[in-house]
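J.: heads up, no residue letters with this:
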């Protein structure tokens, strides 16, 4: 990863694409752009960006579908750019694997802050490891193995797991997790946490529908337990 | 609380309704009863009196006829001055008759002056005979035209010891003894009494029949009326597809027909209106949507301009600043419009999280740099499941409004009241004019035409209200007696009951795979409050 983050912006509207490219470039990012989901996926394979800013409303395959396709092979961070008025969109977007979302019209500064926060999640910070049953979290290599097998986690999922594993047995509220993982202000959308926890459970739990590691603490939030 | 205060009102209404129904039913029954009673009583009375007359006359006539004959036959053989015993024998003979009457004979006798000879001395004495009758019997009338004999037979009905009797008396013409007869009318009375009983029972039966008929008549009239009432009630509740079944061609059928026509017209009209409203709402939604795209581009670029403003020509810098600030305003306006259309379309959703209210209020004030202007009076530790973003919108609008129009210091207090959360925002401004008070939550309502162009969108308080409503809460505006306006936000402490199960399903459904996840969510939405799902691609 170079010092200048390399972003891929997939946005169909010319004006928005140009304006965001301008704004993000001024914030110090290197930006590649695509007007359709298909073009975006092609660019992704050719240029390997650090992060994708993805518009939801795209001609042809829409943003959700692009997101799903990327997630099949890749764990790189995705920020959704949504203009839709329905809250449902956010939920669908988070379920399709996005790490964060911003609502149009977005200020360049806000988008930049989100991008940097997402990118920071992949940075290592400690040199130890922790084991939870068959799950081994190596904080030095930033890898998670389950039964000796490497798990493909997005930086957000990894960061969430790290934050939970740092306080084993202690319940963390959604707002706390939003601050720790997403670096959101006090108005973070708790659905980000819920969606990410579900994706994480699907990857780390033996039976995701009856989690033994990442437990829900009603009225509080989530907790990472070592299985008995 | 409201349920309790409603109770007497509902009871009163119920009683009034009962009275109304009863009075109509009662009136009908009363009229029917009166008609039946009048008819039955008059018929019975006529029948009774005719019968009574006939029975008494017949008994009387036959008894008196026999008495007259016996008096003549049995006193003829007597000497002109008979002895008491002779007289008594004659009386005994006369009393031995088919009509079973007692006899009393009186005449001047040889031994004594006057001898009353009765067939039954215990019962029949001269005292029993009314004096008026005695006088009439003893009275001698001049014989002439139209009157063949000086003495006549007279009779009278009397009651002795509770038993009715017929008393008759006559003087034998030609200086014979005076004879009286006493016949018991007890049998006749018994017959007439049983007749009266029968007639009374018949009258009673007629009354019952009338009541039943009245009931039936009332039912035939009232049931359609009741149906009509129920239908009108349903219509009033908003079930505009309510129709009545029209049967027959009477006035009630006519009424039902009219009702149906009115309901149909109403339904059509409402459908038209709501279609018009829906299309205008859709227009606003589409418009704000369309505004978003260029606004996104402009917003992104204005920031670049803003950063460069310092290095720009001093003539141009203010223009750039203006573009930047107005773009921000436009952004707020469009954002608020979108929010409003989300509420109107019913696509707004609660995203609940357990919120420490005091923390939230502090954060809201802090984020907007209002800490110096706001006094916070909130106990920590009040935690409620609320939508933090929506609570922030409400607080920001209420506090912002108070700062803008009321002036600092603005006092915010957080309390719990039973199962309600109470947040009061009080300013120290001039208060809100009474005529404006009911409109403060209206969209785009401007307090006065002269008011300077507001910095807000004119939607803030309306959005705050909608956000309170979606929590199942409310906001009220008032003026404090100590001056200044007070906005009181009431939110239920457990808004999770109001929110559909979907949030919990999404959160704790622990779906295993993406597929299961979708399934659980869809189920959650299905059990939701029937909100509009059109927006889903």
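T.: Perfect, thanks for sending it. The shown structure was predicted, so the numbers you read here are calculated from the model rather than taken from an experiment.

J.: the longest helix along chain B: how far from the chain's middle?
T.: Counting residues, the longest helix found in chain B (DSSP state H) is helix B:2-75. The chain centroid and the centroid of helix B:2-75 are separated by 33 Å, computed with C-alpha atoms, centre = their mean, to the nearest Å.

J.: apart from its neighbours in sequence, what residue is nearest the spatially most central residue of chain A?
T.: Central residue of chain A (C-alpha atoms, centre = their mean): residue A:99, 2.2 Å from the mean position. What sits nearest to residue A:99 in space, not counting adjacent residues and going by C-beta to C-beta, 6 or more residues apart in numbering or on different chains, is residue A:156, at 4.2 Å. Any C-beta I mention is one placed from the backbone N, CA and C, and that applies to glycine too.

J.: can you pull the contacts of the one you found?
T.: A:77, A:99-100, A:118, A:121, A:181-182, A:196 (C-beta atoms under 8 Å, 6 or more residues apart in numbering or on different chains).

J.: element containing it, please.
T.: Using DSSP states H and E, residue A:156 sits within helix A:155-166.

J.: can you show me the strands along chain A?
T.: Remark: strands assigned in chain A by DSSP state E are A:6-10, A:30-34, A:51-55, A:78-82, A:100-103, A:129-132, A:135-138, A:143-146, A:149-150, A:172-173, A:214-217, A:221-224.

J.: outline the domain layout of chain A.
T.: A:6-120, A:129-224 (automatic domain parsing).

J.: can I get the ones you listed in TSV with mean pLDDT and distance to residue B:494?
T.: As requested, the domains of chain A are exported to TSV (pLDDT from 0 to 100; distance: least, C-beta to C-beta, whole Å):
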stretch	mean pLDDT	distance to residue B:494
domain A:6-120	88	21
domain A:129-224	86	11
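
J.: out of those, which is closest to residue B:234?
T.: Proximity to residue B:234, assessed across those by C-beta to C-beta, is greatest for domain A:6-120 (33.6 Å).

J.: helices along the stretch 251-400 of chain B, start to end?
T.: B:251-308, B:317-345, B:357-367, B:388-401 (DSSP state H, counting those that start in this stretch).

J.: so can I have a markdown table of those showing mean pLDDT and mean neighbour count?
T.: Shown next, in a markdown table, are the helices of the stretch 251-400 of chain B (pLDDT from 0 to 100; neighbours: other C-beta atoms under 10 Å in any protein chain shown):
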| stretch | mean pLDDT | mean neighbour count |
| --- | --- | --- |
| helix B:251-308 | 87 | 15 |
| helix B:317-345 | 86 | 17 |
| helix B:357-367 | 89 | 19 |
| helix B:388-401 | 90 | 23 |
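
J.: how near is residue A:40 to chain B?
T.: Residue A:40 sits at a distance of 18 Å from chain B (criterion: C-beta to the nearest C-beta, to the nearest Å).

J.: list the contacts of that residue.
T.: A:8, A:10, A:34, A:52, A:54, A:66.

J.: show me the shaky parts of chain B.
T.: Applying pLDDT under 70 to chain B picks out residues B:1-13, B:15-23, B:108-114, B:174-175, B:446-457, B:497-537.

J.: still on that earlier bit, wouldn't the residue nearest to the centre of chain A be in contact with residue A:77 here?
T.: Yes. Counting by C-beta atoms under 8 Å, residue A:77 is a contact partner of residue A:99 at 4.7 Å.

J.: what's around the nearest residue to residue A:118 once chain neighbours are set aside, how many residues?
T.: In this structure, residue A:118 finds its nearest non-sequential neighbour in residue A:77, 4.4 Å apart by C-beta to C-beta, 6+ apart. A count of nearby residues for residue A:77, using other C-beta atoms under 10 Å in any protein chain shown, gives 24.

J.: you'd agree residue A:77 is up against residue A:121?
T.: Yes. Residue A:77 is within contact range of residue A:121, at 7.4 Å (criterion: C-beta under 8 Å).

J.: quick check: neighbours shared by these two?
T.: Joint contacts of residue A:77 and residue A:121 (C-beta under 8 Å, 6+ apart) are A:99, A:155-156.

J.: distance to residue B:480 added to the residues you listed, as CSV?
T.: Putting the shared contacts of residue A:77 and residue A:121 into CSV (distance: C-beta to C-beta, whole Å) gives the following:
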residue, distance to residue B:480
A:99, 48
A:155, 52
A:156, 48
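
J.: OK, contacts around residue B:32?
T.: B:210-211, B:213-214, B:217.

J.: switch to 6 Å and redo it
T.: Contact partners of residue B:32, counting by C-beta atoms under 6 Å, 6 or more residues apart in numbering or on different chains, are B:210, B:213-214.

J.: tell me who's in contact with the closest residue to it other than its chain neighbours.
T.: Nearest residue to residue B:32, sequence neighbours excluded (C-beta to C-beta, 6+ apart): residue B:214, at 3.5 Å. Under the criterion of C-beta under 6 Å, 6+ apart, the neighbours of residue B:214 are B:28-29, B:32.

J.: residue B:214 is in what secondary structure piece?
T.: Judged by DSSP H and E, residue B:214 forms part of helix B:186-236.

J.: try residue B:104
T.: Going by DSSP H and E, residue B:104 is part of strand B:101-108.

J.: for the biggest helix by length in chain A, packing partners?
T.: Assignment by DSSP H gives helix A:190-204 as the longest helix of chain A. Judged by 3 or more C-beta pairs under 6 Å, 6 or more residues apart in numbering or on different chains; DSSP states H and E, helix A:190-204 is in contact with helix A:155-166, helix A:174-177.

J.: now with 7 Å, please.
T.: With contacts taken as 3 or more C-beta pairs under 7 Å, 6 or more residues apart in numbering or on different chains; DSSP states H and E, helix A:190-204 sits against helix A:87-95, helix A:155-166, helix A:174-177, strand A:214-217.

J.: can you put these in TSV and add distance to residue B:282?
T.: As requested, the helices and strands packed on helix A:190-204 are exported to TSV (distance: least, C-beta to C-beta, whole Å):
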stretch	distance to residue B:282
helix A:87-95	18
helix A:155-166	36
helix A:174-177	34
strand A:214-217	39
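
J.: with that, I have no additional questions.
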